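# Sequence and predicted structure are below.
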Amino acid sequence: MPEKPVLVYDGDCGFCTSSVRWLRRWVHGAYGVAAWQDADLAQLGLDEERCRKAVQWVDPGGRRAQGAAAFAAALGTDRRWRAFARLLEVPPVSRLAEAVYEVVARNRHRLPGGTPACRMPASERPA
């Protein structure tokens, strides 16, 4: 397990990289970020398939989250964002956040910063 929480994202996706840059700029909690392509996935208890489908969160206690829940976990590390992060974890808001995440994931190649490399094959898109 990592020494501090880590957010694992798709380093080949311009939109994902821009999103992580935004997160690091505005959310000053104690967490790290790593492109899955450069991370030791086995040490984090992750696999490539899972990382291709969604952003991942792993903390030292073994807590894992993916998609919108991973972003909520990162937000929750900063006291200024903690209330919003908790809101994102409560149904029905959590279901709405995950639905939005899935739409964004399927269309990230069309979003600002997105490139053709961001296009996910249909078999790898979130359900």
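Arrived safely, thanks for sending. Numbering: from 1, shown residues only.
# Just give me the neighbour total for Ala42.
8 (other CB atoms under 10 Å). The C-beta positions use only the backbone N, C-alpha and C, and glycine is treated the same way.
# For the host helix or strand of it, report the contacting residues that lie outside it.
According to DSSP states H and E, Ala42 maps onto helix 41-44. Contact with helix 41-44 is made by 1-2, 6, 8, 47-48, 51, 56, 58, as judged by CB atoms under 8 Å, 6 or more residues apart in numbering.
# Sort out which residues of stretch 74-84 are buried, please.
74-78, 81 (16 or more other CB atoms under 10 Å).
# roughly how far apart are the nearest residue to Asp10 once chain neighbours are set aside and Arg52?
With CB to CB, 6 or more residues apart in numbering as the measure, Cys16 is the residue that lies nearest to Asp10, at 4.5 Å, once sequence neighbours are left out. As judged by CB to CB, to the nearest Å, Cys16 and Arg52 stand 11 Å apart.
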